[in-house]
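Asker: give me a 3D structure for the following:
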Amino acid sequence: MKTYILIILLLATFQGFSQKKKKADPKDIKIDSLTKANGTLSVQLDSISKDRKLYYGLYTTIKEKVLLSDFDPAKLPQIIDSLKAGKDATISGLTTASTSLKDSLSLLSKENSELKAKLASQPVGGEDKTKLIGELKQLKELLDTKILTQAEYDAKKKLVMDKWQ
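Answerer: Numbers count the residues shown, from 1 in each chain. A predicted model of the protein is given here:
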């Protein structure tokens, strides 16, 4: 019995070794190379599609927000230069306006400090001050929850402030 099994095993082994390798069909080789090329091109196309979306978004933003019209993307360097020149001219005009803004800021800070001093000098006690703050917070909450309109809030706030002065 062992000999029969051994003979069958040997015959099966020899059959496996005795098979000739089949020659590859040229059509199959061509199909494989085309499949690989197709895969590579698909990856490149996906990459280009992502870049296209990015550049199209940039083009659309410049068109709609900056230039307000269509433009040739090839002329973008000239457009950027003209925008930069216009910005530089605008900034030089703004430097003269900034001195007047500094004066306004100094006036506002002076007025703010005067109002703080006036508020600190008012004869409202600590307990009265907390009641006033509590009432004002309640009114603000009513305004925030849309129970009161802005006009009603202003009127009630004026009443509370008049009551505590």
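Asker: tell me where the protein has helices.
Answerer: 2-18, 26-61, 76-120, 126-144, 150-164 (DSSP state H).
Asker: how much space between the spatially closest residue to Val160 that is not a sequence neighbour and Lys157?
Answerer: Sequence neighbours aside, Glu135 is the residue nearest to Val160 in space, at 5.1 Å (criterion: CB to CB, 6 or more residues apart in numbering). Where you see a C-beta, it was placed from the backbone N, CA and C, and this is true even at glycine. Separation of Glu135 from Lys157 (CB to CB, to the nearest Å): 9 Å.
Asker: ok, now Leu58?
Answerer: Taking CB to CB, one finds Leu58 at 48 Å from Lys157.
Asker: the two - which one has more neighbours?
Answerer: Neighbours per residue (other CB atoms under 10 Å) separate Leu58 from Lys157, with Lys157 holding more: 16 against 12.
Asker: residues touching the more buried one, list them.
Answerer: For Lys157, the contacting residues are 136, 139, by CB atoms under 8 Å, 6 or more residues apart in numbering.
Asker: farthest from the middle of this protein: give me that residue.
Answerer: Met1 (79.6 Å; CA atoms, centre = their mean).
Asker: gap between that one and Tyr55?
Answerer: 78 Å.
Asker: now do Ser82
Answerer: Relative to Tyr55, and taking CB to CB, Ser82 is found at 21 Å.
Asker: number of nearby residues for Lys110?
Answerer: For Lys110, using other CB under 10 Å, the count is 10.
Asker: could you dump the helices of the chain into a markdown table with distance to Leu67 and mean pLDDT added?
Answerer: Output for the helices of the chain, formatted as a markdown table (distance: least, CB to CB, whole Å; pLDDT from 0 to 100):
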| stretch | distance to Leu67 | mean pLDDT |
| --- | --- | --- |
| helix 2-18 | 74 | 69 |
| helix 26-61 | 10 | 81 |
| helix 76-120 | 7 | 71 |
| helix 126-144 | 41 | 82 |
| helix 150-164 | 39 | 85 |
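Asker: alright, I will stop here.
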